[in-house]
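J.: fold the following, please.
(one chain, ligands or ions: 1)
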Amino acid sequence: MVEFRIFRFDPEKNKEPEFKPYQFEPFKGMTILEGLYHILENMDSSLAFRSSCREAVCGSCAMHINGVYRLACKTQIQILKSPITIRPLSHLPIIKDLVVDLNPFFDRFREIKPYLIPKENPPEKEYLQSVEDREKIDDWLDCILCGACYGSCPVCAQDPKYLGPHALLKALRFVDDSRDGATRERVAFVTQNSGIFRCHTIFNCREVCPKDLDPTKAIAKLKWKSVFKKF
Ligand code: F3S
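T.: From the prediction side, this is the model:
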């Protein structure tokens, strides 16, 4: 038997949130997400949570599970101690139960212009990049925008304008891209008040990233470039 203690809150109906217990028999290898679906389909159809791909690609099911931000689809019940406490991502408005409003998270992301800004007129067919240049951005490509790093970062809690580890890692991905022509503007932008120098190198973002990316290192690299590199 396992017990899930799930954060329940409907801002339109409830004054205070509560943790509701659900007990059931998990099967071998059952994930947290499968457990949530089991509850939804067999015990409580009012439970709200997000999910989509179920294979750690879309990033929809990031939540706070037994004290750590994780993807529910990638976390097996058997590795955790029961009762398993499940809360939504932090620092974002709650829509219902485990579903948060991700607009502030994506607003910060859009600010860094997460697309290539070409150096000159676009080529007729495609942008070419050497193998060596492609390798330079390898470490920054796999972000699935799940929000785990954002939820774990205390600076995001204090300063809603802080660009955040997700946006700053993506900014470096374009700064380091040989095909991009806006390096100077990008570095100048992340050096602004709510950018890289608001990061206190707390490392939480690196600890929780389900894709093993290192936003702390990306931010440190941006800091170094902004101070020592001439563009
Ligand atoms: Fe936050 Fe990560 Fe910096 S947790 S303070 S963005 S190192």
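J.: would you map the strands across this protein?
T.: Secondary structure of the chain (DSSP state E): strands at 2-8, 18-24, 62-65, 68-71, 84-87, 94-96, 99-100.
J.: I'd like these written out as CSV, with distance to C153 and mean neighbour count added.
T.: C-betas here are computed from N, CA, C, even on glycine. Compiled in CSV, those are given as follows (distance: least, CB to CB, whole Å; neighbours: other CB atoms under 10 Å):
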stretch, distance to C153, mean neighbour count
strand 2-8, 20, 19
strand 18-24, 24, 14
strand 62-65, 13, 24
strand 68-71, 10, 22
strand 84-87, 16, 20
strand 94-96, 18, 18
strand 99-100, 15, 19
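J.: right, and those strands - which one's nearest N204?
T.: strand 68-71 (8.4 Å; CB to CB).
J.: partner strands of the closest one, parallel or antiparallel?
T.: Strand 68-71 has these partner strands in its sheet, going by DSSP bridges: strand 62-65 (antiparallel).
J.: what's in contact with the partner strand?
T.: 32, 49, 69-72, 75, 80, 84-90, 98, 146-148, 151, 210 (CB atoms under 8 Å, 6 or more residues apart in numbering).
J.: one more time with 7 Å
T.: Contact with strand 62-65 is made by 32, 69, 71-72, 75, 84, 86-90, 98, 146-148, 151, as judged by CB atoms under 7 Å, 6 or more residues apart in numbering.
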